[in-house]
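Peer 1: turn this into a structure:
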Amino acid sequence: MPNGESCTQTCVVVNAFDVKYSFYIFDSKNITYCDSCRNSSELFACIGLNHGKTSIMNKAYSQQEYEVLKTKIIDHMRSTGEWGQFFPLSVSPHPYEDSAAMDWYPLSESEVLKRGGRWGGEIFPLTSSGSSTDSSLHISQYDEKIVGHDIAVKNIETVMKTVFKCPVSSKPFQIIAPELAFHISNLIPLPTIHPRERNRELMKLRNPRELHERECGECGKKISTSYTPDRPAVRGSEEPSGF
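Peer 2: Prediction:
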């Protein structure tokens, strides 16, 4: 939260003051339950406003009307138990398993649905019957230096039009031009799974989000670390190493 002050339960807030229960707020103040607003002040339950002021649900009011209506809405939200909480999982525009939350806080489908979230993104119909496991050629077949200009162009045009089916999630994905160019220039095989699944494979290389009490492998001082006790010794204290 760069340059944020008096903000609570927010996500991605920059140069803001007194922002509550909101998301993506920039250069604004006195914002409550809003999403994607900029250069604004005195907003309640608004989305996508720029240079907005004393507005509720994207409708502008006089200062007095704004204060009266806002107070009524807050009183109602208090009575229903909604006030004071960030947006519920049920209003997320993304299926849980397609969001970054799944990377850090993995939940089963049943648990997500129990919490009111969405599961199962839209599976778009494939325009190609091929899958990434049997449709892509060897990466050298896209390099004109190896197979010649005409053959390389034909192969590139084909792969760029192909919609591949991920063997892990069954979600469709395509190869984009910069990605293909990078793979060709480095002779790296084309990906075979959906970008989201590729990222999850990388996430598995990170340590779990949990701390373990251990001793510094150099000075013996007690430390908290994400490395489990069965891992090799680590240095984590602030004591000088002596080197």
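Peer 1: kindly format the C-alpha coordinates of the helix or strand containing residue 223 as CSV.
Peer 2: Element membership of residue 223 [criterion: DSSP states H and E] is strand 222-225. Presented in CSV, the C-alpha positions along strand 222-225 are these (Å, rounded to 0.1, in the frame of the first residue of the first chain):
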residue,chain,number,x,y,z
LYS,A,222,16.9,-19.6,17.8
ILE,A,223,15.2,-18.5,14.6
SER,A,224,11.9,-18.8,12.8
THR,A,225,12.2,-20.1,9.2
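Peer 1: now it: average pLDDT?
Peer 2: Averaging pLDDT along strand 222-225 yields 86.
Peer 1: quick check: which ranges of the protein have low pLDDT?
Peer 2: Using pLDDT under 70 as the threshold, the predicted model of the chain has low-confidence ranges 1, 121-136, 233-243.
Peer 1: distance from the chain centre to the longest helix seen in the chain, please.
Peer 2: If you go by DSSP state H, the chain has its longest helix at helix 63-80. A distance of 32 Å separates the C-alpha centroid of helix 63-80 from that of its chain, computed with Cα atoms, centre = their mean, to the nearest Å.
Peer 1: and stretch 211-225, by the same measure?
Peer 2: For stretch 211-225, the distance to the chain centre is 32 Å (Cα atoms, centre = their mean).
Peer 1: got the buried residues for it?
Peer 2: In terms of neighbour count (16 or more other Cβ atoms under 10 Å), stretch 211-225 has its buried residues at 214, 215, 216, 218, 223, 225. For glycine as for every other residue, the C-beta is placed from the backbone atoms N, C-alpha and C.
Peer 1: now, among the residues you listed, which is nearest to residue 34?
Peer 2: Within the set of these, residue 225 lies nearest residue 34; the separation is 39.0 Å, counting by Cβ to Cβ.
Peer 1: hmm, back to that, the strand holding residue 223 packs against which elements?
Peer 2: Packing contacts for strand 222-225, counted by 3 or more Cβ pairs under 8 Å, 6 or more residues apart in numbering; DSSP states H and E, involve strand 212-215.
Peer 1: show me the strands in this structure, by range?
Peer 2: Assigned by DSSP state E, the strands in the chain fall at 4-5, 11-20, 23-32, 35-38, 41-44, 53-56, 59-60, 164-165, 172-173, 212-215, 222-225.
Peer 1: closest to residue 187 out of these?
Peer 2: With Cβ to Cβ as the criterion, residue 187 lies closest to strand 164-165 of the strands of the chain, at 19.9 Å.
Peer 1: ok, now which ones touch the residue sitting nearest the centre point of the chain?
Peer 2: Closest residue to the average C-alpha location of the chain: residue 100 at 3.9 Å, with Cα atoms, centre = their mean. Under the criterion of Cβ atoms under 8 Å, 6 or more residues apart in numbering, residue 100 has no contact partners.
Peer 1: try 10 Å
Peer 2: Shown in contact with residue 100 (Cβ atoms under 10 Å, 6 or more residues apart in numbering): 94, 196, 199, 203.
Peer 1: domain parsing for the protein?
Peer 2: 4-80, 91-119, 139-203, 207-243 (automatic domain parsing).
Peer 1: wait, residue 172 touches residue 164, no?
Peer 2: Yes. Under the criterion of Cβ atoms under 10 Å, residue 172 is in contact with residue 164, at a separation of 6.8 Å.
Peer 1: neighbour-wise, which of these two wins?
Peer 2: More crowded of residue 172 and residue 164, by other Cβ atoms under 10 Å: residue 164, with 25 against 19.
Peer 1: looking at the domains of the chain, which one is packed in the most?
Peer 2: With neighbours defined as mean count of other Cβ atoms under 10 Å, the domains of the chain peak in mean count at domain 4-80, which reaches a mean of 17.
Peer 1: and that one, how far apart are its ends?
Peer 2: By Cα to Cα, to the nearest Å, the extent of domain 4-80 from end to end equals 29 Å.
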